[in-house]
Each structure stands twice: as C-alpha cells, then as structure tokens.
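# no sequence on this one, just coordinates:
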C-alpha cells in the first residue's frame with residue numbers, strides 16, 4: 001500500500017470513528033443510530049418506528065421547517081401511536097385536502113425550544129408537579145414527571161409517555177412518545 005492510500009485509509013477510519021462517537025451518545029431509535037450532527041428529519045427517516053410520522057411530515061410540507069435551524073423539541077409518536085387512532089384517521093389526514101389539519105396536528109408535537117428531559121423535570125418541579133408549554137401548532141401541553149418518567153397530556157386528555165428521551169439533533173432534541181397528541185378542535 002502506498003503512502004497516499006494509507007493516509008486516505010487512516011482519514012476514512014478517523015471520520016468513521018467520529019461519526020460513531022456522535023451516535024454513541026444518543027440512544028438507538030427504531031433500530032437506527034441517531035446522529036447528533038444530523039437534523040431531526042435526517043435522523044427520523046432512518047427510524048423503522050417512525051415511518052408514519054415521516055410520511056405525515058412530508059404530506060404536511062414540514063420537511064424544510066424541521067430541517068431548519070431550530071431549536072426544536074419534537075415529541076415523536078411511533079407508528080403504533082398512529083395505528084391506535086380511529087380507523088381511517090391517518091389515511092384521511094394524509095389526503096391533500098387535509099394538509100392544514102395535518103400540519104396543525106404535527107405542529108402540536110413541536111416545542112420551539114430545546115428541552116432535554118432534565119430541563120423538563122426542572123420545569124415540572126419548579127411549577128409544583130406539572131408544567132404547561134405552548135407548541136408551534138398553538139396547542140398547550142401539560143408536562144409531568146414522576147418516578148423517573150415524563151408524560152405529556154394534550155388538550156383532549158390524551159396522555160403520551162416519553163419512551164425514549166434526549167435524542168440529540170443538530171437542531172434540537174427528539175423525545176419518542178407512545179401516543180398522538182391533538183389540538184382541542186381536531187379529531
């Protein structure tokens with residue numbers, strides 16, 4: 001092997017290791033590594049547990065927004081959460097004529113700040129057991145923390161559990177949840 005090939009091989013192995021280091025700090029989501037140097041959309045498309053969410057984000061025209069600078073905290077429902085909605089609800093929401101409603105529902109999963117689980121627990125404790133946040137979609141979500149678990153309750157009383165917290169992104173953080181949150185007027 002000549003010097004040039006050896007140098008290139010060394011550089012590639014170092015860059016591969018640095019990429020692994022970025023992912024090593026993040027939990028796996030949907031069987032995929034999540035990289036702190038990639039944005040929310042770049043990571044979400046690799047999660048087998050978030051194919052419905054990704055399809056909805058694309059249908060709502062929110063790819064560019066969620067690829068933007070942020071910071072965002074995204075509460076990311078898994079496919080099973082969408083499957084638990086009333087029969088036909090997802091298909092109806094994905095129709096072009098329902099783009100505005102879909103966009104509003106998805107925006108109710110986005111907090112316009114980077115809030116790690118430690119930040120959320122701190123806010124909840126400071127507010128005496130629950131903390132209300134406003135989302136990009138105009139929803140008010142109630143955050144609670146107890147026994148090392150964080151829950152999010154929407155305006156309709158739907159409670160989502162954070163199942164994977166603190167998935168760091170270049171433009172914020174993702175917390176995986178087990179329910180779809182909706183605004184008061186939807187569904």
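Thanks, I have it. Nothing here was measured: the structure is a model prediction, and the numbers come from that model.

# what is the end-to-end distance of stretch 142-161?
12 Å (CA to CA, to the nearest Å).

# what is the neighbour count of residue 162?
20 (other CB atoms under 10 Å). C-beta: built from backbone N, CA, C; applies to glycine.

# actually residue 41, not the one I wrote
Other residues near residue 41 come to 20 when the count uses other CB under 10 Å.

# what does residue 80 give?
Counted with other CB under 10 Å, residue 80 comes out at 11.

# what's the spacing between the residue nearest to it when sequence neighbours are not counted and residue 163?
Beyond its immediate neighbours in the sequence, the residue positioned closest to residue 80 (CB to CB, 6 or more residues apart in numbering) is residue 178, lying 7.1 Å away. Computed with CB to CB, to the nearest Å, the distance linking residue 178 and residue 163 is 5 Å.

# what of residue 43?
Here the criterion is CB to CB. By it, residue 43 lies 16 Å from residue 163.

# of the two, who's got more company?
residue 43 (26 against 16).

# quick check, pLDDT for that one.
According to the per-residue confidence, residue 43 scores 94 in pLDDT.

# ok, now which ones touch the closest residue to it other than its chain neighbours?
Distances taken as CB to CB, 6+ apart place residue 34 nearest to residue 43, at 4.8 Å, with adjacent residues excluded. Under the criterion of CB atoms under 8 Å, 6 or more residues apart in numbering, the neighbours of residue 34 are 23, 26, 27, 28, 43, 46, 47, 167, 168, 169, 174.

# who's in contact with the fourth one?
Residue 28 makes contact with residue 34, according to CB under 8 Å, 6+ apart.

# ditto for residue 174
29, 34, 40, 43, 44, 73, 74, 76, 167.

# switch to 6 Å and redo it
If a contact means CB atoms under 6 Å, 6 or more residues apart in numbering, then residue 174 has 74, 76, 167 as its contacts.

# which residues does it bridge with?
Residues in a beta bridge with residue 174, per DSSP bridges, are residue 74, residue 167.

# which of the contacts of residue 34 lies closest to residue 130?
Nearest to residue 130 among the contacts of residue 34 is residue 174, at 21.9 Å by CB to CB.

# tell me the pLDDT of the closest one.
The predicted structure scores residue 174 at 96 on the pLDDT scale.

# what does residue 111 give?
Residue 111 carries a pLDDT value of 96.

# gap between it and residue 32?
23 Å.

# re earlier: for PyMOL, what selects the buried ones among the contacts of residue 174?
Listed next is the PyMOL selection for buried residues among those, using 16 or more other CB atoms under 10 Å:
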select buried, resi 74+76+167
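
# now the contacts of residue 174 as TSV including pLDDT and distance to residue 98?
Putting these into TSV (pLDDT from 0 to 100; distance: CB to CB, whole Å) gives the following:
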residue	pLDDT	distance to residue 98
74	97	21
76	97	21
167	96	28
